[in-house]
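A.B. asks: sequence plus the predicted model coming up.
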Amino acid sequence: MSMPVRYIRRSMLCMLLLLAACEHPIAVVTPHIEAADLLMADSVGALLTRTEFNRRWQVDSLVLRDGEARRITLTPLDFRGVPIEIASRRDLSFRMEAERGELLQWEPQRGYGMLRPFGVGVTRVRFLIWHDTHADFVTPWLRVQIQPAAAAREPFSSVTSP
């Protein structure tokens, strides 16, 4: 028993229409990041804080000094608590939103970022994992207090009495 040619043509036409109607063919789609939490570490790898079920931060505030940039490493965790590597993916990046953007900026680098304070005050920030044109992950707000720069120390000088 052979299938009528008309049935085969109609089936192939339907398959072509379905494939053409698909906005993103499977081979082209890059997967979204399935993060559950975010770790924040300093330049030597010491944990500063982390999210808990992405609802709140364990340490709810970060203290910076005006004019002193701080290197920050952000590591997303999956739902099992396993770190997710995103540095190798060109379609993902970290971004930061600040309520008072004039006080603090995020300078992204590959694998880490720099928090650069530009004034004294308090603001709140949140971090996003950006995927092409949208956020795949957004943290809760984190309070950031920016203190005045450390007072300049006078250079050491020897004092002689007359």
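C.D. replies: Looks like it came in fine.
A.B. asks: report the beta-bridge partners for F94.
C.D. replies: The partner list for F94 in beta bridges (DSSP bridges) reads I129.
A.B. asks: ah, wrong one, I meant R65
C.D. replies: Where R65 sits in a bridge, its partners, by DSSP bridges, are Q147.
A.B. asks: give the contact list for it.
C.D. replies: Counting by CB atoms under 8 Å, 6 or more residues apart in numbering, R65 touches P117, I146, Q147, P148, A149, A150. From N, CA and C alone the C-beta is placed, and that goes for glycine too.
A.B. asks: now L103
C.D. replies: P117, F118, G119, G121, T123, V144, I146.
A.B. asks: can you rerun that using 6 Å?
C.D. replies: Contact analysis of L103 by CB atoms under 6 Å, 6 or more residues apart in numbering lists G119, G121, T123, I146.
A.B. asks: quick one: neighbours of the closest residue in space to the last one that isn't next to it in sequence, just the number.
C.D. replies: Right, the one you point to is I146. The spatial neighbour of I146 that comes closest, neighbours along the chain excluded (CB to CB, 6 or more residues apart in numbering), is P117 at 4.4 Å. Neighbourhood size, P117 [other CB atoms under 10 Å]: 22.
A.B. asks: V82 versus the residue most central in space within the chain, what's the distance?
C.D. replies: The geometric centre of the chain, computed from its C-alpha atoms, lies nearest to F94 (CA atoms, centre = their mean), at 2.9 Å. Going from F94 to V82 by CB to CB, to the nearest Å gives 18 Å.
A.B. asks: again, but for V138
C.D. replies: 20 Å.
A.B. asks: and those two? which has more neighbours close in?
C.D. replies: Neighbours were counted for V138 and for V82 using other CB under 10 Å; V138 has more, 16 against 9.
A.B. asks: quick one: stretch 82-97 to chain centroid distance?
C.D. replies: Distance of stretch 82-97 from the chain centroid (CA atoms, centre = their mean, to the nearest Å) equals 6 Å.
A.B. asks: now do the end-to-end distance for it.
C.D. replies: Its first and final residues considered, stretch 82-97 spans 25 Å by CA to CA, to the nearest Å.
A.B. asks: I'd say the residue nearest to the centre of the chain and L74 touch.
C.D. replies: Yes. F94 is in contact with L74 according to CB atoms under 6 Å; the separation is 5.3 Å.
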